[in-house]
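*Asks:* mind folding the following:
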Amino acid sequence: MSDPQRKRVVRTAAIVVGAVAGMTAMAFAAVPLYRAFCQATGYGGTTQVARAAPSRVLTQTVRVRFDTNVATDLPITFTPKQPSEILHVGETGLAFFHVRNDSDESVTARATYNVTPHVAGQYFNKLECFCFQDRVIGPHQEADLPVVYFVDPDFASDPETRGLDTLTLSYTYFRSVNAPTG
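*Replies:* Residues are numbered from 1 along each chain as shown. This is a model prediction of the structure:
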């Protein structure tokens, strides 16, 4: 092989190795980048986390429906304490969800969440939520879990959400990926 051919092969190999390394790095970065994008924009019904309730409450009301689901490998019962709540846009709401471990062993679980219609996710804010961290639920233990939330007043002036009068806050409990293994 001549020197120019060897340089071309080495350059091609370097490009291929660089491309594979770049694609691998992007694959590892995709999940945190997507999560950050959804959190910042409300994409896919991702709710927001707020530090304080808004200073204005509108006369417009919205019904917030509560939905619960449980992964098939998790031996718990998880239900909303109330089917829905009507509140003024900007008003702080409080809802409770009941969880019960139906097994003889502790389980470590985390609730994921979203809001539908998805365009409303950016306006749905949580001040306090059981879903922010893993929860260890002891054998046959029961608990009522709170979520404190509000719908941002900007919801009323967005052309995409104008006219919406019902939102659904949905939770799904999964076994935590941080759960201890036996």
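*Asks:* tell me the domain boundaries of this structure?
*Replies:* 3-41, 46-175 (automatic domain parsing).
*Asks:* so how far is the longest one from its chain's centroid?
*Replies:* Computed by Cα atoms, centre = their mean, to the nearest Å, the separation of domain 46-175 from the middle of its chain amounts to 10 Å.
*Asks:* looking at that domain now, give me its mean pLDDT.
*Replies:* Domain 46-175 shows an average pLDDT of 91 in the prediction.
*Asks:* likewise the first one?
*Replies:* For domain 3-41, the mean pLDDT works out to 65.
*Asks:* circling back: what's the most buried one of the domains of the chain?
*Replies:* The highest average neighbour count among these, using mean count of other Cβ atoms under 10 Å, belongs to domain 46-175 at a mean of 16. Where you see a C-beta, it was placed from the backbone N, CA and C, and this is true even at glycine.
*Asks:* contact partners of the helix or strand containing Tyr173?
*Replies:* Secondary structure assignment for Tyr173, by DSSP states H and E: strand 166-175. Defining contact as Cβ atoms under 8 Å, 6 or more residues apart in numbering, one finds that strand 166-175 is touched by 47, 62-71, 73-74, 76, 78, 95, 97, 99, 107-117, 120, 124, 131, 147, 149, 151.
*Asks:* cool, and stretch 7-23?
*Replies:* Here stretch 7-23 has contacts from Met1, using Cβ under 8 Å, 6+ apart.
*Asks:* likewise for stretch 69-80?
*Replies:* Residues outside stretch 69-80 that contact it (Cβ under 8 Å, 6+ apart) are 66-68, 95-103, 107, 109, 111, 137, 170-175.
*Asks:* those in strands, which ones?
*Replies:* Of these, the ones assigned to strands by DSSP state E are 66-68, 95-101, 107, 109, 111, 137, 170-175.
*Asks:* quick check: Asn114 touching Gly121?
*Replies:* Yes: counting by Cβ atoms under 8 Å, Asn114 touches Gly121, with 6.6 Å between them.
*Asks:* do a quick rundown of the helices in this structure.
*Replies:* Per DSSP state H, the chain carries helices over the ranges 3-41.
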